[in-house]
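Enquirer: show me the folded form of this:
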Amino acid sequence: MSSGLRAGIDLPALSHNFQVVRRFAHNLPVIAVVKADAYGHGAPEVAGTLAAEGAAWLGVAYADEAAQLREEGITAPILVFFDPDVDAVFQDNLTPVVFDLPKAEALSREAERRGRMLRIHVKVDTGMGRLGLQGDAKDGILRIAGLSALEVEGVMSHFSEADLCDQSFAAFQIEQFRSLRESLAVSGLRPRCFHIANSSAVMSRPDALFDAVRPGIMLYGYSPLESGDALSETIALKPVMSVTTRFVSIRTVEAGKPISYGRTWHTTRRSVIGVLATGYADGFFRRFSNNGEVLVRGKRAPVVGRVCMDLTMVDLTDIAGADESDEVVIIGTQGGQTITASDWAGRAGTIPYEILLALGRRAKRHIVLT
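Expert: Reported below is the predicted structural model:
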């Protein structure tokens, strides 16, 4: 036997979410972010679906992620966000994001050597403090645009807190970005694609919709907004990933007995304890020890004791007829009850992105088409 973790990837839900993005973005071109194995959902299948839906670009972090998509037959334009390998850019026909002059010069030299004209996007730092041209970004972009073998197709930036209820800094970043665009136009440079709108901005900042949008988590069915998932329900996002596991054992334990490492939980009555074939090695965090619920037979079963490396215990005492053959839902719906990645994120003090990545990494994925 192996780890019981299974992830169902609902491609119709993904397609639905893409169309929600299109609606909110007023049909602007979509740069669909599929980095980190499509947030744990499986990049080849997800990218293929999004390309078929009409994504103008696919966004990845590194060139090796792009290479995987090319090997799987994905021909859509791919934007590589971070430090692209120069050879890979040309080998796999990628569009690199450039965030400093030396990298731009290296790409231009190689493009010139190959007799090519390379399209690039330039990143500017409007407040994230991570990557991008700083200070007077206009001069930097003009210098890059002056390199003989590069075409500045796009200019991009990234919000640091567009997900917060306080939108004042997001508004500041938007104004900086708009001012840069106007300044470049005065200087005679008009890249065709300015983009800053992530999922948060697509959902809440119409003034951030420049020439394209760059959604990530929204595609996978979750809202990044501080206001929570209420807006997700309002705009009918559908979670793409469901996660289930199986039982290794179900047994009866007498009252007063400790469960798992550290004896952090004791039975207070004669109890039925289920042992799940999932632990923190599977991305089910140790922080969920005595701090979470799964669904069994449409009812909530609390996690009891510390989560182990490969196993987790749950209390089934109040779930009549629980059987080792029952499916256990970690994320998803069963019998009218639903648990989301946001629910787990709230318990762990993190964000749904991390939950999806963690659980999706080791799970055996299967495609859901209905």
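Enquirer: next, the residue nearest to the spatial centre of the chain: phi, psi?
Expert: Nearest to the centroid of the C-alpha atoms of the chain, with distances taken as C-alpha atoms, centre = their mean, sits Tyr39, at 3.7 Å. Here is the backbone geometry of Tyr39 (degrees, to the nearest 10): phi 60, psi 40.
Enquirer: pretty sure it contacts Gly216?
Expert: Yes. Counting by C-beta atoms under 8 Å, Gly216 is a contact partner of Tyr39 at 6.8 Å. C-beta: built from backbone N, CA, C; applies to glycine.
Enquirer: overlap of the contact sets of the two?
Expert: Here Tyr39 and Gly216 share the contacting residues Tyr353, scored by C-beta atoms under 8 Å, 6 or more residues apart in numbering.
Enquirer: give me every residue that touches Phe81.
Expert: Contacts of Phe81 by C-beta under 8 Å, 6+ apart are Lys35, Gly59, Val60, Ala61, Val97, Lys123.
Enquirer: the fourth one against Phe82, yeah?
Expert: Just to be clear, that refers to Ala61. Yes. With contact defined as C-beta under 8 Å, Ala61 and Phe82 form a contacting pair (5.3 Å).
Enquirer: continuing past the lowest-mean-pLDDT helix or strand in the chain, what's the next helix or strand?
Expert: The helix or strand of the chain with the lowest confidence, counting by mean pLDDT, DSSP states H and E, is helix 230-234 at a mean of 60. Later in the chain than helix 230-234, the nearest helix or strand by DSSP states H and E is strand 241-245.
Enquirer: and for that following strand, what's in contact with it?
Expert: Contacts for strand 241-245 (C-beta under 8 Å, 6+ apart): 3-10, 40-41, 220-221, 276-278, 294, 327-333, 341, 356, 359-360, 363, 368.
Enquirer: so where do the helices sit in this protein?
Expert: 11-24, 35-40, 43-53, 63-71, 86-91, 101-113, 137-145, 168-186, 199-204, 230-234, 341-348, 352-362 (DSSP state H).
Enquirer: okay, those in TSV with distance to Arg270 next?
Expert: Putting the helices of the chain into TSV (distance: least, C-beta to C-beta, whole Å) gives the following:
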stretch	distance to Arg270
helix 11-24	42
helix 35-40	39
helix 43-53	46
helix 63-71	52
helix 86-91	61
helix 101-113	66
helix 137-145	68
helix 168-186	55
helix 199-204	48
helix 230-234	40
helix 341-348	28
helix 352-362	32
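Enquirer: could you report the neighbour count for the residue lying closest to Arg251 once chain neighbours are set aside?
Expert: Excluding its sequence neighbours, the residue lying closest to Arg251 (C-beta to C-beta, 6 or more residues apart in numbering) is Ile273, at 6.1 Å. By other C-beta atoms under 10 Å, the residues close to Ile273 number 22.
Enquirer: with Ala162 instead?
Expert: Around Ala162 there are 26 residues (other C-beta under 10 Å).
Enquirer: isn't it right up against Met203?
Expert: No. Look at Ala162 against Met203 with C-beta under 8 Å: they stay out of range, at 9.1 Å.
Enquirer: now stretch 216-223: mean pLDDT?
Expert: What stretch 216-223 shows for mean pLDDT is 96.
Enquirer: residues contacting it, please?
Expert: 13-14, 17-18, 20-21, 32-33, 35, 38-39, 41, 50, 59, 198-199, 202-203, 224, 229, 231-232, 237-241, 340-342, 352-353, 356.
Enquirer: cool, stretch 20-36 as well?
Expert: 18, 43, 46-47, 50, 54-62, 65, 69, 79, 81, 193, 195, 197, 202-203, 209, 211-216, 218-219, 235-237, 357.
Enquirer: could I have the buried ones of these as ChimeraX selection syntax?
Expert: To isolate the buried ones among the contacts of stretch 20-36 in ChimeraX, judged by 16 or more other C-beta atoms under 10 Å, type:
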select :18,43,46,47,50,55,56,57,58,59,60,61,62,65,69,79,81,193,195,197,202,203,209,211,212,213,214,215,216,218,219,237,357
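Enquirer: domain parsing for this structure?
Expert: 11-222, 241-368 (the TED database).
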